[in-house]
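J.: Quick one, what's the 3D model for this:
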Amino acid sequence: MLKTNQPFLDYLEKIYNNQENKSNIIINSFEKGEKILTQNEVSTNIMLIKNGITKCFFTEKNDLEYIVEFLGKGEIIGEIEVMKNVPCICSIEAITEVTVFSMTIPYFQSLIKSNINLNNLLLDVFAERIVNTSNRSSYQQLHSTEHTLSQLLELKSKEMKVSKEDMAAYLGITVRSLNKALKDSKEKMV
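T.: Below you'll find the predicted structure:
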């Protein structure tokens with residue numbers, strides 16, 4: 001539920017520390033609740049989360065959110081949009097204080113052409129996302145909301161604070177349905 005990628009973080013920290021032109025990669029910070037990328041807007045940088053937790057979500061035409069994933073350290077954001085030359089396909093918002101490595105698009109594009117390590121890391125990220133999306137889709141089809149909710153609550157108690165609205169958006173249900181599921185799960189525990 002919370003995705004991290006330590007090898008990618010290690011890779012980018014090394015490039016950041018060894019860069020000749022210090023403006024190719026800079027460090028930016030975002031406060032809790034601040035949008036890092038906004039759906040349908042054009043991004044000017046590729047970012048890799050140095051620390052903190054974000055939510056990656058779509059906003060539907062009816063203004064409902066659907067959280068695709070919670071992203072933590074080492075997760076890259078904005079790369080698909082640059083590679084496909086499209087506006088942001090989803091929004092990324094800080095749910096804790098977040099620090100990112102922010103890379104210029106021309107520098108990212110030059111690294112893609114010249115750095116096999118970056119290409120291998122990106123291929124691994126893309127493959128992992130496909131597997132995770134498939135697994136989550138089938139899991140949600142095969143398991144009840146209560147079962148998925150229990151896993152989300154376990155993650156919440158260990159790693160992060162998630163609002164009811166975000167929990168509902170992650171589960172793809174309304175807050176009202178979430179409240180009912182929470183009530184039902186408490187009754188089953190008694």
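J.: Quick check: nearest residue in space to Phe101, chain neighbours excluded?
T.: With C-beta to C-beta, 6 or more residues apart in numbering as the criterion, Phe101 has its nearest non-adjacent residue at 4.6 Å, and that residue is Leu48. Glycine gets a C-beta too; all of them are placed from N, C-alpha and C.
J.: next one: the host helix or strand of Glu13 to chain centre, how far?
T.: Taking DSSP states H and E as the criterion, the element that holds Glu13 is helix 6-18. Distance, stretch centre to chain centre, for helix 6-18: 19 Å (C-alpha atoms, centre = their mean, to the nearest Å).
J.: Now do the buried residues in it.
T.: If you call a residue buried by 16 or more other C-beta atoms under 10 Å, then helix 6-18 has these buried ones: 8-9, 11-12, 15-16.
J.: Any chance of TSV for these, columns pLDDT?
T.: As requested, those are exported to TSV (pLDDT from 0 to 100):
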residue	pLDDT
Phe8	96
Leu9	96
Tyr11	96
Leu12	95
Ile15	94
Tyr16	95
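J.: Can you show me the helices along this protein?
T.: If you assign secondary structure with DSSP state H, the helices in the chain sit at 6-18, 79-84, 105-114, 116-142, 145-158, 164-171, 175-189.
J.: Next, count neighbours for Leu122.
T.: Under the neighbour criterion other C-beta atoms under 10 Å, Leu122 is assigned a count of 17.
J.: And Leu2, by the same measure?
T.: By the criterion of other C-beta under 10 Å, Leu2 has 17 neighbours.
J.: my guess is it meets Ile53, correct?
T.: Yes: counting by C-beta atoms under 8 Å, Leu2 does reach Ile53; the two are 6.7 Å apart.
J.: quick revisit: who's in contact with the residue nearest to Phe101?
T.: Leu48 makes contacts with 8-9, 12, 74-77, 100-101, 103, as judged by C-beta atoms under 8 Å, 6 or more residues apart in numbering.
J.: Of those residues - the most surrounded one?
T.: The most neighbours of any of those, using other C-beta under 10 Å, belong to Val100, which has 28 neighbours.
J.: residue contacts, Asn5?
T.: By C-beta under 8 Å, 6+ apart, the residues touching Asn5 are 73-76, 121, 125.
J.: and these as JSON lines, adding distance to Val86 and pLDDT?
T.: Shown next, in JSON lines, are the contacts of Asn5 (distance: C-beta to C-beta, whole Å; pLDDT from 0 to 100):
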{"residue": "Lys73", "distance to Val86": "26", "pLDDT": "96"}
{"residue": "Gly74", "distance to Val86": "24", "pLDDT": "96"}
{"residue": "Glu75", "distance to Val86": "19", "pLDDT": "96"}
{"residue": "Ile76", "distance to Val86": "16", "pLDDT": "96"}
{"residue": "Leu121", "distance to Val86": "21", "pLDDT": "95"}
{"residue": "Val125", "distance to Val86": "18", "pLDDT": "93"}
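J.: Much appreciated, bye for now.
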